[in-house]
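[1] Provide a 3D model corresponding to the input given below.
(one chain, ligands or ions: 1)
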Amino acid sequence: HPPIQFPSQFLWGAATSAYQIEGAHDVDGRAPSIWDSFAKTPGRVVNGDNGDIACDSYRRVEEDVALLKQMGARAYRFSIAWPRVMPHGRGEVNPLGIAYYKRLVSLLRDAGIAPMATLYHWDLPQALHDEGGWMNRRTAQDFAAFAAVMFDALGESVPFWFTVNEPWCASFLSHAIGEHAPGEKDLNRAVTVAHHLLLGHGLAMTEFRKRKLGGQIGMAPNVDWREPYSQDPEDIAACERGLDWFNRWFIDPIYHGRYPAAMAARYAELGIRAPIEDGDMATISQHPDMLGINYYTGSFAKAPANPLPLRPGDSPQRQMDALRNLDTVNVPGFAKTHIDWPIFPEGFTKVLTWLRDEYGNPPVFITENGACDNTQVGHDGQVHDALRVEYMHRHVIALHRAIRSGCDIRGYMAWSLLDNFEWAYGYGKRFGLIHVDFGTQQRTPKDSFHWYSQLIANNGCAA
Ligand SMILES: CCOCCOc1ccc(-c2cn(C[C@@H]3NC[C@@H](O)[C@H]3O)nn2)cc1
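    The predicted structure is shown next:
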């Protein structure tokens, strides 16, 4: 038995998302999403890349499931493209869209791989965005209706469901920072979008509970770790503001039924409030079965020498900087991945024990963890992605430390099974365990694929 030994039923797998891998953007009735529109807006995505073809996984589902089986995956986290299933976002259901996901789930179950479905991984039907999108409270109800369609179609065969992936990216990165679809820069709108995403999560939970399905359901927020640069109370307070702004804003409503009070008060100084209506927080905070955690990196926070004032008339960027009111310190000594994120495995252990203490040790699945390593296929036909192997090895050890510290962690989905469309970075940032040649669609398992396969077989690894 290897020194790092995981619990016997630990669920090892890999993750992808529909817009990032499927391609077939206009095949079999799929209608455009906001990411189809955004990616085709000049200047939004590096090289003008888009998801029209991506990894062509819509047509290669057998091949991809075979690769998962070869790897020894016990679970596979994928997302369901809302615009494939309901092209107009509400009403008419596209039978070919339903058939595709039924086939994927059937292939997975035949291969002994547990399907783990994400309902919203950012591909809002453009038709709904044309009616206000997530700014429109009705979209939360439309999302619950879409979820209900999927629960009726796949509820008996999919054991794990996540409602919304990384709501921080789907609200603040996309409506205040403007880097993701729909590319807006308005903080007030971002707070409203965030609330409607949480409401959509809650309304989908209601649909799931109504059906008394045997599976489990939760949300998959981003979490980064933030460490105080020193034990100076000002640095600790700055760190708490950073954790409020990125982590607690979405997890407190679900587990505590309210937004983090200190950060809500700071938004109120800007005249910004979430559009909470009676009953919303009760809907949002229905008990989830599990918490999905996407972890990549961490950083160090210190109090700025000159605090930024909260001024209603300032730009969204200055307002966000003022809300966090912290300086991120570039502490030397941290190697970086090929997307320049610090490699911080200790932060993984710390954020998981932080979640244990903040939210009553909820059952957690790591729904994403991985490294950007752009290593290409070598002359020997292999991909020697040593950086990714080291990143994964160190994060698996950090994960094991969190489990030994009493965290109730049930599984780990490596991001990602395949190199794919990394949003605004396009195809130049590779996160896959499998290399994809986007010209030929040739898949090449990397050294990390073989390392991970061995880890799964041993249910553990060397220290
Ligand atoms: C504070 C200001 O910051 C500006 C940039 O801020 C971020 C934060 C987070 C991300 C980010 C990207 N990913 C990987 C994806 N997760 C979902 C899956 O689709 C992967 O492709 N996770 N987090 C990007 C940018």
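
[2] for the rest of this, base every contact and every neighbour count on C-alpha atoms.
    Fine.

[3] could you pull out the strands for the stretch 251-400 of the chain?
    Applying DSSP state E, counting those that start in this stretch to the stretch 251-400 of the chain gives strands spanning 290-294, 298-302, 327-329, 364-369.

[4] and those strands: which comes nearest Asp224?
    Asp224 sits nearest to strand 298-302 of all the strands of the stretch 251-400 of the chain, at 5.3 Å, using CA to CA.

[5] state the distance from the residue nearest to Ser174 when sequence neighbours are not counted to Gly426.
    Nearest non-adjacent residue to Ser174, counting by CA to CA, 6 or more residues apart in numbering: His180, 4.2 Å away. Going from His180 to Gly426 by CA to CA, to the nearest Å gives 12 Å.

[6] more neighbours: which of the two?
    With neighbours defined as other CA atoms under 10 Å, His180 and Gly426 compare such that His180 has more, 24 against 21.

[7] list the contacts for the more buried one?
    38, 169-170, 173-174, 423-424 (CA atoms under 8 Å, 6 or more residues apart in numbering).

[8] closest one of these to Val389?
    Trp423 (23.3 Å).

[9] for the closest one, give me the pLDDT.
    Looking at Trp423, its pLDDT is 98.

[10] number of residues surrounding it?
    Residues lying near Trp423 (other CA under 10 Å) number 22.

[11] verify the contact between it and Val45 for me.
    Yes - counting by CA atoms under 8 Å, Trp423 does reach Val45; the two are 7.1 Å apart.

[12] which residues in the stretch 151-300 of the chain form helices?
    Under the criterion DSSP state H, counting those that start in this stretch, the stretch 151-300 of the chain contains helices at 167-168, 174-175, 187-210, 233-243, 249-256, 261-269, 280-284.

[13] and the longest one, how far out from the chain middle?
    Relative to the chain's own centre, helix 187-210 is displaced by 16 Å; criterion: CA atoms, centre = their mean, to the nearest Å.

[14] which positions within it qualify as buried?
    For helix 187-210, burial by neighbour count (16 or more other CA atoms under 10 Å) applies to 187-208.

[15] need the strands of the stretch 251-400 of the chain in JSON lines (columns: distance to Ile276 and mean pLDDT).
    Below are the strands of the stretch 251-400 of the chain laid out as JSON lines (distance: least, CA to CA, whole Å; pLDDT from 0 to 100):
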{"stretch": "strand 290-294", "distance to Ile276": "23", "mean pLDDT": "98"}
{"stretch": "strand 298-302", "distance to Ile276": "31", "mean pLDDT": "97"}
{"stretch": "strand 327-329", "distance to Ile276": "31", "mean pLDDT": "96"}
{"stretch": "strand 364-369", "distance to Ile276": "27", "mean pLDDT": "98"}
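
[16] which one is Arg30 nearest to, not counting chain neighbours?
    Closest residue to Arg30 in three dimensions, ignoring its sequence neighbours and counting by CA to CA, 6+ apart: Arg84, at 4.1 Å.

[17] count the neighbours of the one you found for me.
    For Arg84, using other CA under 10 Å, the count is 30.

[18] state the distance from Gln442 to Ile4.
    Separation of Gln442 from Ile4 (CA to CA): 34 Å.

[19] now do Ile397
    In terms of CA to CA, Ile397 sits 7 Å off from Ile4.

[20] mind listing the shared neighbours of the two?
    Between them, Ile397 and Ile4 share these contacting residues under CA under 8 Å, 6+ apart: Ala463.

[21] settle it for me: which of these two has more neighbours?
    Neighbour count, other CA under 10 Å: between Ile397 and Ile4, Ile397 has more, with 21 against 16.

[22] for Ala148, which residues are in contact?
    Going by CA under 8 Å, 6+ apart, the list of residues near Ala148 reads 204, 207-208.

[23] ditto for Gln382
    444-447.

[24] tell me the confidence at it?
    98.

[25] got it, and Asp36?
    Note for Asp36: predicted pLDDT of 98.

[26] isn't it right up against Asn50?
    Yes - if you go by CA under 8 Å, Asp36 and Asn50 touch, sitting 7.1 Å apart.

[27] neighbour count for these two, which is higher?
    Taking neighbours as other CA under 10 Å, Asp36 and Asn50 compare with Asn50 leading, 27 against 20.

[28] how about that one, nearest residue that isn't a chain neighbour?
    Nearest residue to Asn50 in three dimensions, chain neighbours excluded: Ala39, at 5.2 Å (CA to CA, 6+ apart).

[29] how many residues are close by Pro260?
    For Pro260, using other CA under 10 Å, the count is 19.

[30] please tell me how far it sits from Leu243.
    Distance from Pro260 to Leu243, counting by CA to CA: 10 Å.

[31] same thing with Trp341?
    For Trp341, the distance to Leu243 (CA to CA) stands at 18 Å.

[32] what about the two, which has more around it?
    More crowded of Trp341 and Leu243, by other CA under 10 Å: Leu243, with 20 against 16.

[33] which residues touch that one?
    By CA under 8 Å, 6+ apart, the contact list for Leu243 reads 225-226.

[34] residue contacts, the nearest residue to Ala140 once chain neighbours are set aside?
    In space, and not counting its chain neighbours, Ala140 is closest to Gly200: 4.0 Å by CA to CA, 6+ apart. Listed by CA under 8 Å, 6+ apart, the contact partners of Gly200 are 139-141, 143-144.
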